[in-house]
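Colleague: have a look at this prediction, sequence included:
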Amino acid sequence: MKTITKKDEIEFILKGIPEALPYLMKKGVCGISCGEPTWGILESAAKEKGFTETEIDNIVNDLNNILQNQSNKNAIEYND
């Protein structure tokens, strides 16, 4: 998966790194409405929740760290 940006769709992010769902839900960026997940562009969803540009950049950095950790874990499992 490529590097995550604030312009990415949440659905795209979660398809690549499902481990990001609890993080996004904890932040309040992604949630469940009437039993269905709410999607959209990460930046737009975060702004709707009142996040600043700096906070959004921090979320993107955190998501890229989750992605990197997942990639490292997969590489270790592959090499075992």
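Modeller: Arrived safely. Note that this is a predicted model, so its numbers are computed, not measured. Numbers count the residues shown, from 1 in each chain.
Colleague: from here on, just use CA atoms for contacts and neighbour counts.
Modeller: Fine.
Colleague: what's the distance between the closest residue to Cys30 other than its chain neighbours and Glu43?
Modeller: The shortest distance from Cys30 to any non-neighbouring residue, by CA to CA, 6 or more residues apart in numbering, is to Leu24 (5.4 Å). Distance of Leu24 to Glu43, given as CA to CA, to the nearest Å: 12 Å.
Colleague: who's more crowded, those two?
Modeller: A count of neighbours by other CA atoms under 10 Å puts Glu43 above the other of Leu24 and Glu43, at 23 against 18.
Colleague: so where do the helices sit in this protein?
Modeller: For the chain, the helices defined by DSSP state H cover 10-16, 20-27, 42-48, 53-79.
Colleague: make a markdown table out of these and add mean pLDDT and distance to Ile4.
Modeller: As requested, these are arranged in a markdown table below (pLDDT from 0 to 100; distance: least, CA to CA, whole Å):
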| stretch | mean pLDDT | distance to Ile4 |
| --- | --- | --- |
| helix 10-16 | 89 | 7 |
| helix 20-27 | 90 | 11 |
| helix 42-48 | 93 | 10 |
| helix 53-79 | 81 | 6 |
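Colleague: highest average neighbour count across these?
Modeller: Most buried of those by mean neighbour count (mean count of other CA atoms under 10 Å) is helix 42-48; its value is a mean of 19.
Colleague: got the contact list for Leu42?
Modeller: 6-10, 29 (CA atoms under 8 Å, 6 or more residues apart in numbering).
Colleague: could you rerun that using 10 Å?
Modeller: Leu42 sits next to 4-13, 24, 29-30, 48, 56, 59-60 when contact means CA atoms under 10 Å, 6 or more residues apart in numbering.
Colleague: go on, Leu14?
Modeller: 20-21, 24.
Colleague: then Lys26?
Modeller: Ala20.
Colleague: for Leu24 and Glu43, list the residues in contact with both.
Modeller: By CA under 10 Å, 6+ apart, the residues touching both Leu24 and Glu43 are 10, 59.
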